[in-house]
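Chemist: Sequence isn't available, so here's the structure alone:
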């Protein structure tokens, strides 16, 4: 595929689009999709995602990147180019509840997830069969707070072995250490089982039930070292009523969790998400 | 109209429905609608709302209520009968933002609100014209924390004068004193401009913007003396994205606020809401 | 389990609820859930679904049914009792696209479907592996218009062998013959890939794309001999826009199809659906 | 305001964005918002909407347009520039049901509609008071099939007098003649009370009720001379169930109609809608 995505984040000023599009045109590139956003026309940041096609991109790519440096310097661009032919390697971490993992596997099988699910790592054996039946390696690494350091070293070895680009926490009920998180900044996606910031922390369905809410939700976000406080990628909700006990809320919630997480993963893989401060721009 | 609604709250045990429906049948009543809910078949509470029609209910009503006492005693029922012919008197409290008041007035005009909007009270003059043009009395009572006691006395006089059954706080930005709230327990409906318990308290849209949420909401609840902690009646949400600044979120939010509040008011007027602890059962 | 569901359909008149609830009380039954609906208080039909618990129901059941005959006769009731302990046997028919079948299998595995998926029948081999890996028998019966009679005879043998109560057409792209449909009246659930009655018939996504609609949907219904005209059980929709081509609409649609079909199947299994004329009442 | 919107529709080819953005940069314009869409990278049409700010646009505008001609010629562009300072004049046509008109008036009053509601024309007197109380001229022109020609002449005189740019049919229950429609091509917005193409034509709620649908909708579209077949701008739906009779469906529908119509009107006023064939692109 001769397709790539150029992502730019820079101080807003006139002429950026002109310069960038002129540059791409110089390489014979055709812009397929372009989304931009200005935080504030008066002195805010400017963001743009351009998906383009370009004959012989495989060969031209590195030269194109090199020559782009002068444009980047002139406008003080923070930028990267992602090539569609470079399929990302994904690791899924999961604990006991398999619904989010299952949804990812189904979408993967259906050809809807543009990544290679390279490995599944779990602190439980529950999901082994369904993972291995698809020919995906499954590693059982029991975990708890006391052995976290050793567990994470085993995990990191696997992440390196499988050259992992993105980690999906598909209901993985362990906290990751700060260095682990920093190593994969904006590359670890978590699904939280509430409409954040409502019911931040543990047992959100129990607390939603106690508060008598009429809707429950789920939130996907990039993991940071502030628990449940990372940049939100996507949220969704569904109705509940007084007839729903905690179990019924969980069942409803699982359905929201799997769709919210899957949407987020797809956007990440399509390079649609730019993190700015503690927020996301989703193009 | 020969229609009434019987609301019951009692410890669950076999035979309640049989006894109540047998009793109503004895008066020739036809059950039009019946909803019930058991918190827990093993020792929980039982709730039922029966809407029935009965020829000559106007004349039979008080005798029916008197005779029902023996059934109520046997099953230890907490109950009340509401007659559809007795239109409730409603007072609307509003501050500067008129969107929720407007929605209520429109629905009132369209015959969709089964109440008499008897009076509108405001600490601003903003809404006077639109209210008086419909022939509804409007009272301007400036208010602030220091004169709350005196303000509430004026308000209470009006509530008594107009024989108010239910108070709707349609974006009324003043806190009511504990005694005021207690006098109208489960009869004051408020609309809060967030998806509670997220962004409880002041400036929810500003905080939603700062957190980078992807959906904003509104919550209607009965007012208690725990600010924003009363029993939730209804909630709804709508999508926002990174392009929405605080003002855009407010605009979107106003649309949710007015529909959530209006739905709640209609349910209250139809006697569909039972408060149990800090939750609502909405039949 | 000592739980059962009583479904009644009869001409409305006062006293039905009293008589039925009195009868159940006589057996010591506790009513867990009760939903009723009157088409028209003046001469319409009355429908009720009562879920009750009763100690020793296993032993008492047949006697209870026998004694209920006098109540049924007095009020001219069309009724049936379904015992929760009698798990229904389900057959799934599928063609090439497996997404609806997969959703049913996942929900089945998760314990969310109160039926026994006894057999899967397909005119393609596509789904064999995923079905057999769960220990469910899979039968490949190639089919086309010319051999329909013979195909249906093979199918009927399997339906009898596995004592099938309900057939789910999970994107089964063959038309069933009138006698087949009549044998399983109101027991064959189909999912149609459009928001019926829009785009009735073939190629709905192509036609939705051509018409430029902004939402696409899916519809589940009981199969009758009027193609796509059977009683609608459930519908849902999702947004599309000008960027979505036919393939993108199909992907979005598949997600709606699987949730709409699964919800319908659950309601059917919970005996929540009453068919009246060409409509459904879903309690 | 120094803000304008450039809308382009042309055959896709590399270099368009570069040329246009370079051109705008030459005038010192800052691109605030830009949305583009390619029907098909291989030989389809290309659409772009650019909102930009440019100091002294008031003075520079006509020269800018003149100089743009060479760019337009080179790439064979179909284009127009809309200046935000040129507020559009809007006429609202309404019959008896005022809910859609009311919503437009409320949004207008709240400053959410960037147009001048210059005149309201009706074949009933129903809405006169609410319109005139806002200082908007109201004209009562009784209408029926036999006098359509004369009625439309009166209407056209008013449209010219008030220099109308866009006509909103806010539940106007009369058919417009072909020449009238052609005079205002893609400038007449209608709201249809069903989820088109379901229930095209008259009495959609009655037919939705008869079919037993579980959702009802509304559709806004540009008026063409194929009744209810014009390019769809927006659609939305809400749930109904077996308890909803035709009247209840209408009530629910009215709420959808007013929000769908209002959204469409706002998009039209923001120059976000491009009509291509019988479809809309909404940026």
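Modeler: Perfect, thanks for sending it. The model shown is predicted, which means the values in this text are computed figures rather than measured ones. Numbering: from 1, shown residues only, chains lettered A, B, ... in the order given.

Chemist: Give me the phi and psi for residue A:237.
Modeler: With angles defined as degrees, to the nearest 10, residue A:237 sits at phi -140, psi 170.

Chemist: so who does it touch?
Modeler: Counting by CB atoms under 8 Å, 6 or more residues apart in numbering or on different chains, residue A:237 touches A:195, A:215-218, A:256, B:215, B:237. Placement of C-beta: from N, CA and C, glycine included.

Chemist: For the closest residue to chain D within the stretch 101-250 of chain A, list the residues it contacts.
Modeler: Closest to chain D within the stretch 101-250 of chain A is residue A:239: 10.0 Å, counting by CB to the nearest CB. Going by CB under 8 Å, 6+ apart, residue A:239 touches A:214-215.

Chemist: Quickly list what it is bridged to.
Modeler: Residue A:239 has the following beta-bridge partners by DSSP bridges: residue A:215.

Chemist: any idea how far it lies from residue A:10?
Modeler: 42 Å (CB to CB, to the nearest Å).

Chemist: and what of residue A:72?
Modeler: Counting by CB to CB - residue A:72 and residue A:10 are separated by 9 Å.

Chemist: what residues do those two have in common as contacts?
Modeler: Residues touching both residue A:72 and residue A:10 by CB under 8 Å, 6+ apart: residue A:79.

Chemist: Show me which residues of the stretch 101-250 of chain A sit near chain B.
Modeler: A:195-199, A:211-215, A:217, A:231-237, A:241-243 (CB under 8 Å from any CB of the partner chain).

Chemist: Can you list which of the residues you listed are found in strands?
Modeler: A:215, A:217, A:232-237 (DSSP state E).

Chemist: who wins for most neighbours among those residues?
Modeler: residue A:217 (28 neighbours; other CB atoms under 10 Å in any protein chain shown).

Chemist: Provide a list of residues in contact with that residue.
Modeler: Residue A:217 is in contact with A:194-195, A:198, A:235-238, A:253, A:256, B:215, counting by CB under 8 Å, 6+ apart.

Chemist: Those residues: which two are farthest apart?
Modeler: A:253 and B:215 (15.2 Å; CB to CB).

Chemist: my read is residue A:189 is in a helix, agree?
Modeler: No - Residue A:189 is assigned strand when assessed by DSSP: H, G, I helix; E, B strand; the rest coil, not a helix.

Chemist: Just grab the bridge partners of it for me.
Modeler: Residues in beta-bridge contact with residue A:189 (DSSP bridges): residue A:168, residue A:222.

Chemist: What's the local residue count around it?
Modeler: The burial count for residue A:189: 25, using other CB under 10 Å.

Chemist: In this structure it contacts residue A:169, no?
Modeler: Yes - between residue A:189 and residue A:169 there is a contact at 6.7 Å, judged by CB atoms under 8 Å.

Chemist: what do those two both touch?
Modeler: Listed as contacting both residue A:189 and residue A:169 by CB under 8 Å, 6+ apart are residue A:223.

Chemist: can I see the domain layout of chain A?
Modeler: A:3-83, A:88-282 (automatic domain parsing).

Chemist: among these, which is nearest residue C:24?
Modeler: domain A:88-282 (20.8 Å).

Chemist: returning to that earlier point: roughly how far does the residue of the stretch 101-250 of chain A closest to chain D sit from residue A:214?
Modeler: From residue A:239 over to residue A:214 (counting by CB to CB), the distance is 7 Å.

Chemist: And the helix or strand where residue A:208 lies, what does it pack against?
Modeler: Secondary-structure assignment from DSSP states H and E places residue A:208 in helix A:204-211. The helices and strands touching helix A:204-211, judged by 3 or more CB pairs under 8 Å, 6 or more residues apart in numbering or on different chains; DSSP states H and E, are helix A:246-269.

Chemist: buried stuff in the helix it packs on?
Modeler: Applying a neighbour-count criterion of 16 or more other CB atoms under 10 Å in any protein chain shown, one finds A:249-250, A:252-262, A:264-269 buried in helix A:246-269.

Chemist: and if you look at stretch A:75-92?
Modeler: Those would be A:75, A:77, A:79, A:81-82, A:84, A:88-92, for stretch A:75-92 by 16+ other CB under 10 Å.

Chemist: Using CSV, please lay out these together with distance to chain D and pLDDT.
Modeler: Output for these, formatted as CSV (distance: CB to the nearest CB, whole Å; pLDDT from 0 to 100):
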residue, distance to chain D, pLDDT
A:75, 12, 95
A:77, 15, 97
A:79, 17, 97
A:81, 17, 97
A:82, 18, 96
A:84, 13, 95
A:88, 23, 97
A:89, 28, 98
A:90, 28, 98
A:91, 33, 98
A:92, 33, 98
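
Chemist: How confident was the prediction at the residue of the stretch 101-250 of chain A found nearest chain B?
Modeler: Chain B sits closest to residue A:212 of the stretch 101-250 of chain A, with a gap of 3.4 Å, by CB to the nearest CB. Predicted confidence (pLDDT) for residue A:212: 97.

Chemist: Disregarding residues adjacent in the polypeptide, which is nearest to it?
Modeler: residue B:279 (3.4 Å; CB to CB, 6 or more residues apart in numbering or on different chains).

Chemist: what about that neighbour, distance to residue B:222?
Modeler: Counting by CB to CB, the gap from residue B:279 to residue B:222 is 10 Å.

Chemist: cool, residue A:178 as well?
Modeler: 44 Å.

Chemist: between these two, who's got more neighbours?
Modeler: Neighbours were counted for residue A:178 and for residue B:222 using other CB under 10 Å; residue B:222 has more, 22 against 10.

Chemist: Let me see the contact set for the more buried one.
Modeler: So residue B:222 contacts B:186-190, B:230-231, B:233, B:275, B:280 (CB under 8 Å, 6+ apart).

Chemist: and with 7 Å instead?
Modeler: B:186, B:188-189, B:230-231, B:233, B:275 (CB atoms under 7 Å, 6 or more residues apart in numbering or on different chains).

Chemist: got a winner among the residues you listed for most neighbours?
Modeler: residue B:233 (27 neighbours).

Chemist: Would you mind confirming that that residue is in contact with residue B:266?
Modeler: No - with contacts counted by CB atoms under 7 Å, residue B:233 stays clear of residue B:266, the gap being 10.6 Å.

Chemist: how close does the residue lying closest to residue A:225 once chain neighbours are set aside sit to chain C?
Modeler: Nearest residue to residue A:225, sequence neighbours excluded (CB to CB, 6+ apart): residue A:178, at 4.8 Å. Shown here: residue A:178 relative to chain C, a distance of 35 Å by CB to the nearest CB, to the nearest Å.

Chemist: mind listing the strands for the stretch 1-150 of chain A?
Modeler: Under the criterion DSSP state E, counting those that start in this stretch, the stretch 1-150 of chain A carries strands at the ranges A:3-11, A:30-38, A:45-53, A:78-83, A:88-94, A:115-122, A:138-140.

Chemist: need the ones you listed in CSV with distance to residue C:146, can you?
Modeler: Listed next are those as CSV, based on distance: least, CB to CB, whole Å:
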stretch, distance to residue C:146
strand A:3-11, 45
strand A:30-38, 46
strand A:45-53, 46
strand A:78-83, 50
strand A:88-94, 47
strand A:115-122, 43
strand A:138-140, 47
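
Chemist: For the stretch 101-250 of chain A, which residues are neighbours of chain C?
Modeler: Within reach of chain C by CB under 7 Å from any CB of the partner chain, the stretch 101-250 of chain A has these residues: A:102, A:106, A:112, A:133.

Chemist: how does it look with 10 Å?
Modeler: A:102-103, A:106-107, A:109-112, A:129-130, A:133, A:243 (CB under 10 Å from any CB of the partner chain).

Chemist: This completes my enquiry, with thanks.
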